[in-house]
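>>> Need the 3D shape of this:
(chains A and B)
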Number of protein chains: 2
Amino acid sequence: MRVIYNEQMADLADMLGEMAGLAGTAMEQATQALLQADIVLAEQVISESDRIAEMISQAEEKAFALLALQAPVAGDLRQVVSAIQIVADVNRMGVLALHVAKVARRRHPNHALPEAVNGYFAEMGRIAVNMGAAAKEVLESRDPERAAQLNEDDEAMDDLHRHLFSLLMDREWKHGVAAAVDVTLLGRYYERFADHAVEIGRRVVFLVTGVLPPDPDAQD
Amino acid sequence: MRVIYNEQMADLADMLGEMAGLAGTAMEQATQALLQADIVLAEQVISESDRIAEMISQAEEKAFALLALQAPVAGDLRQVVSAIQIVADVNRMGVLALHVAKVARRRHPNHALPEAVNGYFAEMGRIAVNMGAAAKEVLESRDPERAAQLNEDDEAMDDLHRHLFSLLMDREWKHGVAAAVDVTLLGRYYERFADHAVEIGRRVVFLVTGVLPPDPDAQD
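Residues are numbered from 1 along each chain as shown, chains lettered A, B, ... in the order given. Just a heads-up that it's a prediction; the model follows:
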């Protein structure tokens, strides 16, 4: 039993890492599509999202089968349950990348973003992609220190997000209401993407140490 | 074992229902606070949110203890795992109500909403509160038909949300960018609140029937 459990759990962990990697790639391409008004790239993210969704349900089924057939206990049990929670976060990361791609497609051939905020989104995209890669790395290495560090990456994201909002709220905003609405939603998508990566970090800390770190997002 | 399991599972199910009820109440009060610029009510939602967060971690611990000590199998196992997933949705519903209350507080003594959209938010609030109550009911009754019906409530929410957006995107919008940003975020909070109620319905269908309905949100 134990050998089978270990193999299947390793498979599941690989799947989670791979999906986090795919979500990161999707966010990278969606950000490019947004910044360059690149419809081909936007369409690619949108059609790829089906593949992530398919993997999500496979991973969930795998986790359930593991629970049902191997009846893990103690630390093993914690791993499987954490995996089920992590699947939900990876799923949302993929959906948020999809949202970004859809905004790019909706505004094509125009740019969705006024040039003045391109720099913000290039940077939020960079941080999001790094956090997706870090989540993948943490899922593979189970390094609780690297996992906890995702909080710091998230602070950089929150800072940018706050700056973006003061720009929007400024009387000097010259780009009209429609652009402000897009920028508001897009900002939220990147911020939430980062929150889910942080959440994956918390779950990995929990599965390694047995203690769930406080939820930094609870008061957002 | 079986008797203990049944008792503890019933306790956990009660907690989930109670928390969904609290999230619904929080959204009701937050909506009132928003529409009336009622700072006392906004503060009440904000301080109550700690209590929901406390219950969330208790429910999660309870579910883990159940898994670890009672080692449920088959349908029982499915119940506990579903409970863990539902905790995450109820948690987000509470956080989204908190977000609404915080917008009301941030804009006090002004109204956050231009009068022209009050009707939309009164209606989105009404639907959200109903969906919170329906989620509570479904968690208690485990009625898969009522659970599936949450999708229809969600369609009403999505319709309102789309209308709200066409209003925002209209050149006739006269309420400035800052109000548009608030309205955009608030609309998203209500829409997401409803999505999580739908998700709870899907989980209940799964735990009763063993089949997870397709995710209506995956393509949003």
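
>>> which ones are touching the spatially most central residue of chain A?
Residue closest to the average C-alpha location in chain A (CA atoms, centre = their mean): A:Met93, at 3.2 Å. Neighbouring residues of A:Met93 by CB atoms under 8 Å, 6 or more residues apart in numbering or on different chains: A:Ala20, A:Ala23, A:Gly24, A:Met27, A:Gly132, A:Ala135, A:Phe193, A:His196, A:Ala197. Yep, even glycine has a C-beta here, placed from its N, CA and C like the rest.

>>> what does A:Arg105 give?
So A:Arg105 contacts A:Ala33, A:Ile39, A:Ala42, A:Glu43, A:Ile46 (CB under 8 Å, 6+ apart).

>>> Now it: which helix or strand?
helix A:74-107 (DSSP states H and E).

>>> Okay, buried residues for that helix please.
Of the residues in helix A:74-107, A:76-105, A:107 count as buried by neighbour count, 16 or more other CB atoms under 10 Å in any protein chain shown.

>>> what angle sits between that helix and helix B:74-107?
Counting by axes from the mean of the first three to the mean of the last three CA atoms, to 10 degrees, helix A:74-107 lies at 50 degrees to helix B:74-107.

>>> continuing past helix A:74-107, what's the next helix or strand?
Tracing the chain C-terminally past helix A:74-107 and defining elements by DSSP H and E, one meets helix A:118-141 next.

>>> continuing past that following helix, what's the next helix or strand?
Using DSSP H and E, the helix or strand that directly follows helix A:118-141 along the chain is helix A:144-169.

>>> Can you pull the residues of chain A lying near chain B?
Taking CB under 8 Å from any CB of the partner chain as the criterion, chain A approaches chain B at residues A:49, A:53, A:57, A:60, A:64, A:67-68, A:71, A:73-74, A:77-78, A:81, A:84-85, A:88, A:95, A:98-99, A:165, A:168-169, A:173, A:176-178, A:180-181, A:184-185, A:188, A:212, A:215, A:217-220.

>>> measure the residue nearest to the centre of chain A to A:Ala20 for me?
A:Met93 sits 7 Å away from A:Ala20, going by CB to CB, to the nearest Å.

>>> what touches both of these two?
Listed as contacting both A:Met93 and A:Ala20 by CB under 8 Å, 6+ apart are A:Gly132, A:Ala135, A:Ala197.

>>> so what pLDDT did the second one get?
It stands for A:Ala135. Model confidence at A:Ala135, given as pLDDT, is 96.

>>> Please name the nearest non-neighbouring residue to A:Asp89.
Closest residue to A:Asp89 apart from its sequence neighbours, by CB to CB, 6 or more residues apart in numbering or on different chains: A:His196 at 4.2 Å.
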